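*Asks:* Below are the sequence and a predicted model; questions follow.
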Amino acid sequence: MKLLWPLILRRAPGFLLALALSVLTLAAGAGLLGVSGWFLTGAALAGTAVAFELFAPSSAVRGLSFLRIGARYGERMTGHAVTLAMLSELRSTLFARLIPLVPMKGVAGRTGDFVARLTADIEALDMVMLQAVLPLLTACTAAAGLALMLWLTLPEAVPVGVAGFALTALAVPLALVLGGRRIGAATVSASSDLRVAALDGIDGHGDLVALGATEAGMERFNAAAAQLRVARLAEARRVALGPALAQLGAGLTMAATLWLGLEALASDRISGPILTGVLLAILGLFEVTGPILRGAGRIGSALAASRRVSEIVTTRPLIRDPLAPARLPGEGPLVIDHVSYGYGIDRPVLTDVSFTAQPGERIAILGASGSGKSTLLGLITRLDDVNAGAIRFGGIDIRDATLADLHDHIALLTQDAPVFIGTVRDNLRIGSPFADDATLYTALGNARLAEFVRGLPQGLDTWLGESGATLSAGQARRLCLARTLLSPARLILLDEPTAGLDGATEAEFLGDLLTATEGRTLVVATHAALPRAAVDRVVRFEDGRLVETERR
Amino acid sequence: MSTIEHDPASAATRLGAAEMAWLKAQRRAGGLWLRVAIAVPLVAGLFTVAQAFTLATIIDRALVGNVPPADKIGQVLQLVAIICARAGLALLGERLGSRASEDVKRAIRESLQASIMARSPEWLRERSSGVLASQLVDGVEALDGYFARFLPAMIAAAVLPLAFAIGLMPVDIVVGALFLVTAPLIPLFMALVGWGAEAASRRHMTAMTRLSGLFADRLRGILVLKLFGRAEDEVARVKAASDDVAKRTLQVLRIAFLSSAVLEFFAAIGVAGVALYVGLTYVGFIDLRGSTLGLQAGLFCLLMAPEVYMPLRTLAAHYHDRAAAKAAVADFAALIDTPEDVAASAAPTKSLPTGALPVTIRRLTLHAAGRGVILDDVDLDILAGARIAILGPSGIGKSSLIEAMARLRSFEGSISIGGVPLGEIDEGSLRREVALLGQRPRLFHGTIADNIRLARRDATDSEVSLAADRALVGDFADRTPDGLETAMGERGRGVSGGEAHRVALARIFLRDPGLILLDEPTAHLDAVTEARIIDAILAFAEGRTLVVVTHSEAVARSMDRIYRIAGGRLLPVPHRPVGVASARRERGDLP
């Protein structure tokens, strides 16, 4: 909750108003029932209009009705307004805190997973204030109100009333949440097994058909589905206790109060109408347990989500700017000087790699996938630091410069660069925020996408991503390339720029690299066949070692 | 999924009649449990009446007829028994509801997955596997509340308020009439408000869907934004988009929440109306009934007032379960119907002969989505035991050709294997005799050995390890402590493309096919490994027919015949078969 507290506190007036309205709604409901019971019984006992004052109770009944309707509406509006505003701030705060942390070690290859979990975690937090915390606070206030009411009317019922209410509205939900943690984990793991089985069947469909093994795939899926059913049923058995215990708690508390009330009535310590009113008011107060039980199930997962999110944002960044940074020169050679890098001792990725890229030189890094090409490009942009050796740009070790400065000088097209939700222009301007349309079209032309964009009805203003135009894999790749080319950086690093392009376009594209990157230094990692004129030098990698360099 | 009751981004889902009928028909899988779960709240309604009646009686007797305390104990105990019975029924209803819902979801998952597996590979190629898997797992899970809670609540809300109202008629006709009129009005007004909210949602629809995904989108691309130094600027954008979504959501909620206000309004009117009517009758202010009304009857009416509206409240609380189910069904509607081509055609029955199989292709035309005609009127004869290579740049249609030969892609013209037209070969026989290595073989969740054994379930450990050795799986498997028992796939060790190819090749080596179709068997491999794999393939292909699709000249040169695909044609390439060793010697340029 560390992350949420400051956001909640900043909106304390809003939440307090929502809480007050929520308490008022409950009080008006209980009051309505109580006054009705009291009025009705009183009238029955009086028997004539003369002996009974009508005006106050009848107007109270009407007033409480309208108070309840208004308070309910107000509570929902204020509660949602303040929650939605808080969520919006939570998202942007989280985003801002994540910037210095990416890329995170350990999640580098599973960014999709990581993002999916983070988004799911935030959704688990979204309405928890409103659906779980607010009803609980309302119940606490209601417990106090109940105690006060009983103390004034039937003091001997205070212990049993308050205990019954607290058990039903607070202890039972809490017990269900705590007891459910382990079972919840079983469901999560069964459901992810099912997802893996589903993916195996779908992605491996062709293989399964060709092997004549579709039955085997379906059996595995069905077994996983049955497993999930068992896990969910175990959870459901526990959840089912909630509504039952709520009914039991409300009924027994009322019955106990009734019993004490009948005793008090016999010894004339309470009047009949008041006893009826108190009993009905108690029934009305227990209404709050419904939302609590519905919301309580979410508290456990929300707490877990909040803990995971907090863990992420409180991590110390892997790469930090030096206290006294050196400024990189505008242009200069890129020197890879005896660089080694690996994940732990037994998994070396790069071993003693050295080469130099002179200004304006074009270098291709060739090698099978997994030979360390992408890792080296990541090290040049300081996504992580080398284990041994150094990388220098213009004579300055890149660890002595700030990241912002480095990224002004070196642009990288990553293998999985995304097309962002937004217009074509938005996507391109990430590379150069103030570029005019002519510049954008030049870059698009270099990436062989200009004609396509010109042909779109809305041109650069075409919306991409969700509920917008979709690009083919090749077009998306070319858009990302155009974005990279727009960067002012003098050194351009391309990681498999032609992935997703067909053979003819790939050849054309590589042939065009010369013009596209005119005057800049280029390092391109690829396993495509390169036209002879495309680069000045070829560096070949095998298993993280540089095995040969070849001048063209 | 967000849990806002009326989420404008997901609200205005409309289902066709067929989908709605499908959803309703799924109840059958819930069986007896679902029917009992629906009946339980109705039975519980009887106990609700009993509880109100008993409570009213106890108070009435205590206040009006001076009953001795001894009788009071019996009555209060009776009340407690009723309360316990109600709680028991609530427990039973919840459990049976979940039970039925789990059975339904499991049945739906199995049938959807069977429907997916029965589709053509072409159909699957056009879809994202992540989306399909999430429909099977999360999409079906979203139906949970619909079957477990919404259906019972809906029946209860349709029956109980009216039953209570009619049941109260004999006690007091006016109170009964009040409930009878107000109870059906509530769903009516709520529906009216719901339509308003839906219209408001639709007004914001495009903007909402565009903006609501922005956070996840920018999060996915945060590394790229950081590399361009744009991340800080995007913070403001994410904030602005979120604020805009919040503002638009509130505009919709303003209308949507009127529905809960309607419910509150009628519930309050019900209680207040009964209290005022009964109270004023007692004091003689109004007299709408001929006879007098006792305290017991009046209290009973008042106690029943909240209960009449309770089923509607419960229904309202579970209403978003219905919206979630509708959204999920709309999402996977395309999976619901079994594909016609699978359902209609009778299973072919002819078997293939064993041994090397010849292939005859006549007037073959292949289309690919978005690429038009990729092969046009092609003839090809492959003799039994021949080894042929098909060359061509990527995307030209090589893979499509061998997929068509393996009956994994539809085509025009005719293909016969071993003299039997492809369409007439029994599925089991076809898969036994024709082995295919796809372009991107999938490694399944399990060990390397499990993955290889998929090709032949009864293979012994030594057969599996022999096949693995021949496909050079040992090159990387031996580097791990568990060897062939190393876990692979989604949550196992990551594998490179080249490694997956070798495991898939080992699968083929475990079998005894008469025709081997290989798609780029040496992709992602370095020159030395490539040459070793070619040797292994040629050795295995002895006495079988081999068709290799490749863009590696080295692979092509070690075959008997080479064809090149160009301009939709299959052109023979002049070629003198060479040994593998000389092919390796000639290598040395870039791939």
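*Replies:* Received, thanks.

*Asks:* Worst mean pLDDT across the helices and strands of chain B, which element?
*Replies:* Across the helices and strands of chain B, mean pLDDT, DSSP states H and E gives its lowest value to helix B:580-586, namely a mean of 46.

*Asks:* now stretch A:16-34: mean pLDDT?
*Replies:* The average of the pLDDT scores along stretch A:16-34 is 95.

*Asks:* near chain B, anything from it?
*Replies:* Yes. Between stretch A:16-34 and chain B, judged by Cβ under 8 Å from any Cβ of the partner chain, the touching residues are A:Leu32, A:Leu33. The way it works is simple: take the backbone N, C-alpha and C, and place the C-beta from them, glycine included.

*Asks:* mind checking the SS state of the residue nearest to B:Gly392 when sequence neighbours are not counted?
*Replies:* Distances taken as Cβ to Cβ, 6 or more residues apart in numbering or on different chains place B:Ile565 nearest to B:Gly392, at 3.8 Å, with adjacent residues excluded. Of the three states, B:Ile565 takes strand under DSSP: H, G, I helix; E, B strand; the rest coil.

*Asks:* thought B:Ile565 was touching B:Leu375?
*Replies:* Yes. Contact criterion Cβ atoms under 8 Å: B:Ile565 and B:Leu375 qualify, at 7.1 Å.

*Asks:* Look at the two and report which has more neighbours.
*Replies:* Ranked by neighbour count (other Cβ atoms under 10 Å in any protein chain shown), B:Ile565 and B:Leu375 place B:Leu375 first, with 25 against 21.

*Asks:* how far away is the more buried one from chain A?
*Replies:* 16 Å (Cβ to the nearest Cβ, to the nearest Å).

*Asks:* Which strand or helix spans that residue?
*Replies:* strand B:372-382 (DSSP states H and E).

*Asks:* In that strand, which residues are buried?
*Replies:* B:Ile374, B:Leu375, B:Asp376, B:Val378, B:Leu380, B:Ile382 (16 or more other Cβ atoms under 10 Å in any protein chain shown).

*Asks:* One more: stretch A:73-84?
*Replies:* Buried, per 16+ other Cβ under 10 Å, within stretch A:73-84: A:Tyr73, A:Gly74, A:Glu75, A:Arg76, A:Met77, A:Thr78, A:Gly79, A:His80, A:Ala81, A:Val82, A:Thr83, A:Leu84.

*Asks:* Give me the contact list for that stretch.
*Replies:* A:11, A:14-15, A:17-18, A:21-22, A:24-25, A:126-127, A:129-130, A:134, B:4, B:245-246, B:249-250, B:253-254, B:257-258, B:260-261, B:264 (Cβ atoms under 8 Å, 6 or more residues apart in numbering or on different chains).

*Asks:* picking up where we left off before, just name the closest of the buried residues of stretch A:73-84 to B:Gly97, please.
*Replies:* Among the buried residues of stretch A:73-84, A:Arg76 lies closest to B:Gly97 (Cβ to Cβ), at 27.0 Å.

*Asks:* Check that closest one and give its pLDDT.
*Replies:* Per-residue pLDDT puts A:Arg76 at 90.

*Asks:* what's the answer for B:Ala191, then?
*Replies:* Looking at B:Ala191, its pLDDT is 81.

*Asks:* ok, which stretches of the stretch 301-450 of chain B are helices?
*Replies:* Applying DSSP state H, counting those that start in this stretch to the stretch 301-450 of chain B gives helices spanning B:319-336, B:340-344, B:398-405, B:427-433, B:448-453.

*Asks:* what does the stretch 1-150 of chain B give?
*Replies:* Taking DSSP H, counting those that start in this stretch as the criterion, the stretch 1-150 of chain B carries its helices at B:17-25, B:31-63, B:69-117, B:121-125, B:129-134, B:140-141, B:144-145.

*Asks:* Mind naming the longest helix for chain A?
*Replies:* helix A:55-98 (DSSP state H).

*Asks:* Overlap of the contact sets of B:Ile565 and B:Leu375?
*Replies:* Among the neighbours of B:Ile565, those also in contact with B:Leu375 (Cβ under 8 Å, 6+ apart) are B:Gly397, B:Leu401.

*Asks:* Show me chain B divided up by domain.
*Replies:* Split into domains by automatic domain parsing, chain B comes to B:17-338, B:359-586.

*Asks:* Out of these, point me to the one whose mean pLDDT is lowest.
*Replies:* Among the domains of chain B, domain B:359-586 scores lowest, with a mean of 82.

*Asks:* buried ones in whichever helix or strand B:Ala467 is part of?
*Replies:* Here B:Ala467 is covered by helix B:461-470, with elements defined by DSSP H and E. Using 16+ other Cβ under 10 Å as the test for burial, helix B:461-470 gives B:Val464, B:Ser465, B:Ala467, B:Ala468, B:Asp469, B:Arg470.

*Asks:* ditto for stretch A:163-181
*Replies:* Buried residues in stretch A:163-181 (16+ other Cβ under 10 Å): A:164-170, A:172-173, A:175-177, A:180.

*Asks:* What I need now is those residues written out in JSON lines, including pLDDT, secondary structure and distance to A:Thr375 for each item.
*Replies:* Converted to JSON lines, these look like this (pLDDT from 0 to 100; DSSP: H, G, I helix; E, B strand; the rest coil; distance: Cβ to Cβ, whole Å):
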{"residue": "A:Gly164", "pLDDT": "95", "secondary structure": "helix", "distance to A:Thr375": "64"}
{"residue": "A:Phe165", "pLDDT": "95", "secondary structure": "helix", "distance to A:Thr375": "62"}
{"residue": "A:Ala166", "pLDDT": "94", "secondary structure": "helix", "distance to A:Thr375": "59"}
{"residue": "A:Leu167", "pLDDT": "93", "secondary structure": "helix", "distance to A:Thr375": "59"}
{"residue": "A:Thr168", "pLDDT": "92", "secondary structure": "helix", "distance to A:Thr375": "59"}
{"residue": "A:Ala169", "pLDDT": "90", "secondary structure": "helix", "distance to A:Thr375": "56"}
{"residue": "A:Leu170", "pLDDT": "88", "secondary structure": "helix", "distance to A:Thr375": "54"}
{"residue": "A:Val172", "pLDDT": "89", "secondary structure": "helix", "distance to A:Thr375": "54"}
{"residue": "A:Pro173", "pLDDT": "87", "secondary structure": "helix", "distance to A:Thr375": "50"}
{"residue": "A:Ala175", "pLDDT": "86", "secondary structure": "helix", "distance to A:Thr375": "50"}
{"residue": "A:Leu176", "pLDDT": "84", "secondary structure": "helix", "distance to A:Thr375": "48"}
{"residue": "A:Val177", "pLDDT": "81", "secondary structure": "helix", "distance to A:Thr375": "44"}
{"residue": "A:Gly180", "pLDDT": "73", "secondary structure": "helix", "distance to A:Thr375": "43"}
